[in-house]
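S.K.: here is a sequence with its predicted model. Questions after.
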Amino acid sequence: MITFGKKLSYRPLLVSLFASLVGFTIFRIFNNWSSYAVALGLFLFFFFIYYCNSSTVLFQYWEADKNSLRYSDLTNLKHRIFLMFFPFENKLTVINKQDIASIKIIGHLDDDGIPLAVPYSAALGILTPALLMAKNPFSLEITTISSQIYTLDFSRDYAYNKKLTIQKLNQVLKNFDDGKITIENKSNLNLR
């Protein structure tokens, strides 16, 4: 089995709780009731505003074998919030090989993204993979026989390890290149 992306974990919940604990501790010095308000505000901000909106980008997980593609569907808001509290309840959605009509590679794999000559701080260094994912989105667009379109993102993998990602994509496309499935833009993979 070949995997791409990152599974949703307890990270959104733990980071939100940690931020609220830090806010509570700092503001406890000033006033009892304000420390509770700050803690609640920080938790709500990190969990429901930051992670709830960015989890569809940060936690795009999918896997492939010879017979199917399975992906984590985080498009429904209620389902996404539930999974942020209980991430191991996530059931992957299956796309069977016989249901796929075409696979298209989206993105320009010959673009290096952020140039190395740009000076950056430690904060930007931590965010660089996220910036690369946002600036250079790479994905497979799967079209089924029933004309449904699914987008399986591999930007995160490409930002961290370009060569390994292209090897894994070549293997996935090789598994699905049986003559019945049209593969578009496959020449993009030969650029690196």
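M.R.: Thanks, I have the structure now.

S.K.: contacts and neighbour counts: CA atoms only from here.
M.R.: OK.

S.K.: gap between the residue positioned nearest the centre of the chain and residue 154?
M.R.: The residue lying closest to the centre of the chain (CA atoms, centre = their mean) is residue 60, at 2.7 Å. Residue 60 sits 8 Å away from residue 154, going by CA to CA, to the nearest Å.

S.K.: ditto for residue 77
M.R.: Taken as CA to CA, the span from residue 77 to residue 154 is 22 Å.

S.K.: which of these two has more residues huddled nearby?
M.R.: Neighbour totals were compared for residue 77 and residue 154, and residue 154 leads with 24 against 11 (other CA atoms under 10 Å).

S.K.: just list the residues touching that one, thanks.
M.R.: Each residue near residue 154 by CA atoms under 8 Å, 6 or more residues apart in numbering is listed here: 4, 5, 137, 138, 139, 140, 165.

S.K.: go on, residue 89?
M.R.: residue 83.

S.K.: how far away is it from residue 77?
M.R.: Distance from residue 89 to residue 77, by CA to CA: 15 Å.

S.K.: residue 59 now?
M.R.: 14 Å.

S.K.: residue 19 now?
M.R.: 23 Å.

S.K.: hey, where'd the helices end up in the chain?
M.R.: 11-28, 32-44, 52-58, 77-85, 122-135, 155-160, 162-176 (DSSP state H).

S.K.: export only the CA atoms of the second one, formatted as CSV.
M.R.: Provided in CSV are the C-alpha atoms of helix 32-44 (Å, rounded to 0.1, in the frame of the first residue of the first chain):
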residue,chain,number,x,y,z
ASN,A,32,-9.4,34.9,38.1
TRP,A,33,-12.4,35.4,35.8
SER,A,34,-10.4,36.8,32.9
SER,A,35,-8.1,33.8,32.9
TYR,A,36,-11.1,31.6,32.2
ALA,A,37,-12.3,33.9,29.4
VAL,A,38,-8.8,34.0,27.8
ALA,A,39,-8.4,30.2,28.0
LEU,A,40,-11.8,29.6,26.5
GLY,A,41,-11.2,32.2,23.8
LEU,A,42,-7.8,30.7,22.9
PHE,A,43,-9.3,27.2,22.7
LEU,A,44,-12.2,28.3,20.5
